[in-house]
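> Pasting the sequence and the predicted model now:
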Amino acid sequence: DGGITQSPKYLFRKEGQNVTLSCEQNLNHDAMYWYRQDPGQGLRLIYYSQIVNDFQKGDIAEGYSVSREKKESFPLTVTSAQKNPTAFYLCASTWSGSYEGTDTQYFGPGTRLTVL
Amino acid sequence: AQSVTQLDSHVSVSEGTPVLLRCNYSSSYSPSLFWYVQHPNKGLQLLLKYTSAATLVKGINGFEAEFKKSETSFHLTKPSAHMSDAAEYFCVVKGRGGGADGLTFGKGTHLIIQP
């Protein structure tokens, strides 16, 4: 089955620790995205990547880092510099380009991160 | 610049009655508009999208939405609510400019279905 997988589903972190959230897709999509979701605030963009080995900061990139070494993988690291990391994290992907269908993002099931 | 406003943070309806979730947008360009649904602790699933082909858009699970340019609205409707429709719904606008292909998400409307 084609889709986007995120792991783990639940993650607990102690203050001061870095943690890495996994996102993998087998849809052959070019672009991948990380969003943070907090109650009542919708989705906010952390980072996105249009092609391998390239990525751009979103609206709330501080305290986060990413890499895009393979087309199918876009891991997100939540660093100790992120002051309030407890949230639900969603990964998404889409085709790049201007043709019909490239504007629809497909989402993974999410990872809930809790800082203890 | 573009923005999207979901006019109700919570909507409660009885099972079998119509559903109306309201969304207004602003965009400097002809936008693409989407509705996504999110069940608890799950990712977002596309319900439907408008990309200028037809103003009345039909989606999955009996939902539809009408694009009204004069009112800058893209309200989501369903004739008869089902218990499985209980979820969070997001209106999304895509215009030109902005990060990540110019997507802007609304803050969501929580749909409650009463038996």
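Looks like it arrived, so ask away. Residues are numbered from 1 along each chain as shown, chains lettered A, B, ... in the order given.
> mind checking how far the spatially most central residue of chain A is from chain B?
Centroid-nearest residue in chain A, with C-alpha atoms, centre = their mean: A:Trp34, separated by 2.5 Å. Taking C-beta to the nearest C-beta, to the nearest Å as the measure, A:Trp34 falls 10 Å from chain B. Bear in mind the C-beta positions are built from the backbone N, C-alpha and C, glycine included.
> How about that residue, nearest residue that isn't a chain neighbour?
A:Ile46 (4.3 Å; C-beta to C-beta, 6 or more residues apart in numbering or on different chains).
> same deal with B:Leu7?
The shortest distance from B:Leu7 to any non-neighbouring residue, by C-beta to C-beta, 6+ apart, is to B:Arg22 (4.1 Å).
> got a list of what that neighbour touches?
Neighbouring residues of B:Arg22 by C-beta atoms under 8 Å, 6 or more residues apart in numbering or on different chains: B:6-8, B:73, B:75, B:109.
> what do you get for A:Gln82?
Shown in contact with A:Gln82 (C-beta under 8 Å, 6+ apart): A:62-64.
> Dump the residues you listed into a markdown table; add secondary structure as well.
Putting the contacts of A:Gln82 into a markdown table (DSSP: H, G, I helix; E, B strand; the rest coil) gives the following:
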| residue | secondary structure |
| --- | --- |
| A:Glu62 | coil |
| A:Gly63 | coil |
| A:Tyr64 | strand |
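> Now, of those, which are buried?
For those, a burial check counting by 16 or more other C-beta atoms under 10 Å in any protein chain shown picks out A:Tyr64.
> quick check, nearest of the contacts of A:Gln82 to B:Glu88?
A:Tyr64 (23.5 Å; C-beta to C-beta).
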